[in-house]
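[1] got a predicted structure plus its sequence, pasted below:
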Amino acid sequence: MSEIDLISGLERLRQQGRTFPPPAWHGQTATPSMERYRERWRRSVDEPEAFWSEEARALVWDKPFERVLDWQRPFSKWFTGGRLNASVQCLDRHLNTEVMHKAAVHWIGEPGDRRTLTYAKLHREVCRLAAGLRNLGVKKGDRVALYMPMIPELPVACLACARIGAIHTVVFGGFSAEALRDRIVDSEAVAVITADGGWRRGAHLLLKRTVDEALEGQTPVRNVVVVRRGGGDFPHHMKPGRDLYYDDVLVGRGGDTRPESMDAEDPLFILYTSGTTGKPKGIWHSHAGYLLGTQLSTREVFDLRPQDVFWCTADIGWITGHSYVVYGPMQLGATQVIYEGAPNWPEPDRLWQIVDSEGVTVFYTAPTAIRSFMKWGETWPGRHDLSSLRLLGSVGEPINPEAWLWYHEVIGGGRCPIVDTWWQTETGAISITPLPGATTTKPGSATFPFYGIDAAILDDKGAEVQSGGGLLALRRPWPSMMRGIWGDEARYRSTYWSRWDGMYYFAGDGALRDEDGYFWIVGRVDDVVNISGHRVGTAELESLFVAHKAVSEAAVIGVKHEIKGQALVGFVTLRNSFTPSDALAEELREWIGHKIGAFARPERVLFAADLPKTRSGKIMRRLLRDIAEGHTLGDVTTLADPGAVEQIKERYEEEG
């Protein structure tokens, strides 16, 4: 990675010369200045045990911990000897306080149905389901698979599992039967909680049918619990002796609702990373460290206050939804929005209509969504009053400066700071990020490490790069880090700790650091194209495409080339005011050649109405490579719009 030719990209970002100081209200935040940030961060890495011992007081302990950290590289144990329960952290702690009757969730279904759950109501529903699961024989340490739409019963199910000590594994509701089965079998789940169906862009998702297909043959599943979401709209079959309706499982007033007292290092959940091939990779997190990491980062990064309405648009099927829909905000007693459907259904202003109607103050979404908003144009957000917003966030992949500036000006009205966050399923919580009261931001930069995160940029030999590009690595353990890959210790070691003899955690991302110490995440190091000996990150190329006035979004892949080794193909979606043409394609090819160098001039530029994306907003570049190389397309059921990839395939083949 040290040889990747990305310094020129960093220079272009620097030359924009735009920085954005903290907002006028910065003095009211948890970290009100850079001096305070530097002081706390330095203590968090120099005296981690003292720092985290103090921060851990924010958790509700059944039994105090005896030791802060046991670090047997690469395995860490935090707060050993301590005992607590995650549902108590999120719910019981608020009972008999003013938070008890506060709205925990404003839920909006895609068809327009709505529900509001207070913390008291949420606690009651969690207890009723927890008692019902106990009655089904689910016990501490058992695994329960959750395959559900974004309905209130999903966070209820997460917390009910946590309450009885069961380990939940949420499987995104867009995954196929085969993918669901793989995860059920790998985790040895004894039960599945699902729904008869859900909605996406007006279409029916028949989730129970997918579960039935996944459970054909031998599996460890004893029971399937089914939420009746559709009111008869979702035809399904119930297998006698195995399948039960959710309402019939719930216990009237809660029954046996005692929370299990869990060891700090007991597993809380398993989450399988998306886009894997072969054996699923189940990342698992433990109780105390994960809870502390999500609580502290939610408070510090999003500056949540009692009157805020927080909206993280992520599906709970991904780690962002785990950390910043379920566990982080609820520990703080926050009010949040959960929405079931697509951002452009029935019109491209659906999210802005919700921000307006619910008075959302803190909004957290993905760069791919932001670039889609750009494509749809300023008219849609302009129809709604977005003045309630005071803080914006970005998550999921690097955000290009053009999208950052559009987000700041059009959605934030030029007044809202943006927290551009870098983290992973594996890190559990936000790891590199601005703090709204302290950090002067640079569009496209994730800025500085969060507390406890000792980040470095290394070359291939492990030497630190003080200024420039290389591989992102983390030196020290942190509380919310993954504890392993479920059932595969060797894979954990080889994937994350083998690159530099086990001395660093390897994040898998490339990064740059400028002369001010700001971190710029480049993207996955496997997303690199080698053109005539020049190694270029695709994220950098995609950012350059989007910098062109005509381009809304882009994906770049490398294809085999007899002379160059690899050649570039760019897949581009245009802003609404531009029309595809051969002349525009040539202009874009010249644009990239001028910005990077003639060697990087794409062989082809193809226009697409949309790019193949998962429902979490990540572009599936693997499918684009399959198209370019003539391979058979794999499973596309996880895509937000499976038809998009077929349209691209037809266009690619037509143009030869």
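    Yes, it's here.

[2] name all residues that make contact with the nearest residue to Ala264 once chain neighbours are set aside.
    Counting by Cβ to Cβ, 6 or more residues apart in numbering, Ala264 lies nearest to Ala288, which is 3.6 Å off, once chain neighbours are set aside. Where you see a C-beta, it was placed from the backbone N, CA and C, and this is true even at glycine. With contact taken as Cβ atoms under 8 Å, 6 or more residues apart in numbering, Ala288 is in contact with 56, 59, 65, 78-79, 82, 84, 264-265, 479.

[3] just His204 next, same as before
    His204 makes contact with 197-198, 230, 233-234, according to Cβ under 8 Å, 6+ apart.

[4] spatially, which two of those are the most separated?
    The largest separation in these, counting by Cβ to Cβ, is between Gly198 and Asp233 at 10.0 Å.

[5] pLDDT weak spots in the stretch 51-200 of the chain?
    In the prediction, the stretch 51-200 of the chain carries no residues with pLDDT under 70.

[6] on that earlier part again, give me the more crowded residue out of Gly198 and Asp233.
    Between Gly198 and Asp233, counted using other Cβ atoms under 10 Å, Gly198 has the larger neighbour count: 26 against 13.

[7] show me what that one is bridged to.
    Beta-bridge pairing of Gly198 under DSSP bridges involves Leu205.

[8] wait, it touches Ile151, no?
    Yes - with contacts counted by Cβ atoms under 8 Å, Gly198 reaches Ile151, the gap being 7.3 Å.

[9] where do the strands sit along the stretch 201-350 of the chain?
    Along the stretch 201-350 of the chain, counting by DSSP state E, counting those that start in this stretch, strands occupy 203-205, 223-227, 243-245, 262-263, 267-272, 282-286, 309-312, 335-339.

[10] how far does the first one sit from its chain's centre?
    Taking Cα atoms, centre = their mean, to the nearest Å, one finds strand 203-205 lying 23 Å from the centre of the chain it belongs to.

[11] one more: the fourth one?
    Between the centre of strand 262-263 and the centre of its host chain there is 26 Å, according to Cα atoms, centre = their mean.

[12] adjacent strands (with direction) for it?
    Paired strands of strand 262-263, defined by DSSP bridges, are strand 83-84 (antiparallel).

[13] thinking again about what came up before, and of the contacts of His204, the nearest to Leu250?
    Relative to Leu250, the closest of the contacts of His204 is Gly230; by Cβ to Cβ it sits at 18.6 Å.

[14] for that closest one, the count of nearby residues, please.
    Residues near Gly230, counting by other Cβ under 10 Å, number 21.

[15] next: Glu586.
    Close neighbours of Glu586, defined as other Cβ under 10 Å, add up to 11.

[16] what separates it from Arg622, distance-wise?
    The gap separating Glu586 from Arg622 is 28 Å, by Cβ to Cβ, to the nearest Å.

[17] next: Val251.
    Using Cβ to Cβ, one obtains 45 Å as the distance from Val251 to Arg622.

[18] same question for Glu213.
    For Glu213, the distance to Arg622 equals 24 Å [Cβ to Cβ].

[19] quick one on the thing from earlier: can I get the strands of the stretch 201-350 of the chain in a markdown table including mean pLDDT and distance to Trp497?
    Supplementary listing: those in a markdown table, determined by pLDDT from 0 to 100; distance: least, Cβ to Cβ, whole Å:
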| stretch | mean pLDDT | distance to Trp497 |
| --- | --- | --- |
| strand 203-205 | 88 | 38 |
| strand 223-227 | 98 | 38 |
| strand 243-245 | 98 | 42 |
| strand 262-263 | 98 | 24 |
| strand 267-272 | 97 | 19 |
| strand 282-286 | 97 | 14 |
| strand 309-312 | 98 | 30 |
| strand 335-339 | 98 | 35 |
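
[20] which stretch among those strands comes nearest Asn96?
    Shortest distance between Asn96 and these, using Cβ to Cβ, is found for strand 335-339: 18.6 Å.

[21] what does that closest one contact?
    Strand 335-339 is touched from outside by 102-108, 110, 150, 152, 155, 308-313, 325, 329, 351, 354, 358, 360, with contacts defined as Cβ under 8 Å, 6+ apart.

[22] out of those residues, which are inside helices?
    With helices identified by DSSP state H, the entries of the contacts of strand 335-339 that belong to them are 155, 329, 351, 354, 358.

[23] what sits against the last one?
    Yep, that's Glu358 we're talking about. Applying Cβ under 8 Å, 6+ apart, we find Glu358 in contact with 106, 108, 309, 311, 337.

[24] spit out the residues that contact Gly198 and Ile151 alike.
    When contacts are counted by Cβ under 8 Å, 6+ apart, Gly198 and Ile151 are jointly contacted by 229, 340.

[25] circling back to that earlier point, show me the two of the contacts of Glu358 that sit farthest apart.
    Maximum pairwise distance among those (Cβ to Cβ): 12.4 Å, between Ile108 and Val309.

[26] re the thing from before, of the ones in helices among the contacts of strand 335-339, which is the most crowded?
    When neighbours are taken as other Cβ under 10 Å, the top entry among the ones in helices among the contacts of strand 335-339 is Pro155 (30 neighbours).

[27] still on that earlier bit, list just the nearest of the ones in helices among the contacts of strand 335-339 to Gln466.
    Where those are concerned, and distances follow Cβ to Cβ, Gln466 has its nearest neighbour in Pro329, at 36.9 Å.

[28] so who does the closest one touch?
    Going by Cβ under 8 Å, 6+ apart, Pro329 touches 298, 304, 310, 312, 336.

[29] kindly recompute the last result at 6 Å.
    Pro329 is in contact with 298, 310, 336, counting by Cβ atoms under 6 Å, 6 or more residues apart in numbering.

[30] for Thr257, see how far away Ala131 is.
    Applying Cβ to Cβ, the value for Ala131 to Thr257 is 6 Å.

[31] just checking, Thr441 touches Phe20?
    Yes - under the contact definition of Cβ atoms under 6 Å, Thr441 touches Phe20, with a separation of 4.7 Å.

[32] test my guess that Trp78 contacts Pro479.
    Yes - taking contact to mean Cβ under 6 Å, the distance of 4.8 Å between Trp78 and Pro479 places them in contact.

[33] shared neighbours, those two?
    Gly289.

[34] and the pLDDT for the nearest residue to Pro417 once chain neighbours are set aside?
    What sits nearest to Pro417 in space, not counting adjacent residues and going by Cβ to Cβ, 6+ apart, is Pro436, at 4.6 Å. You'll see Pro436 listed with a pLDDT of 96.

[35] which SS state does Pro436 fall under?
    When the structure is reduced to helix, strand and coil (DSSP: H, G, I helix; E, B strand; the rest coil), Pro436 reads as coil.

[36] the strands of the stretch 201-350 of the chain: which one's closest to Ser445?
    With distances scored as Cβ to Cβ, the stretch of the strands of the stretch 201-350 of the chain nearest to Ser445 is strand 309-312 (21.4 Å).

[37] including distance to Pro449, could the strands of the stretch 201-350 of the chain go into JSON lines?
    Rendered in JSON lines, the data for the strands of the stretch 201-350 of the chain read as follows (distance: least, Cβ to Cβ, whole Å):
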{"stretch": "strand 203-205", "distance to Pro449": "39"}
{"stretch": "strand 223-227", "distance to Pro449": "40"}
{"stretch": "strand 243-245", "distance to Pro449": "47"}
{"stretch": "strand 262-263", "distance to Pro449": "29"}
{"stretch": "strand 267-272", "distance to Pro449": "23"}
{"stretch": "strand 282-286", "distance to Pro449": "20"}
{"stretch": "strand 309-312", "distance to Pro449": "21"}
{"stretch": "strand 335-339", "distance to Pro449": "26"}
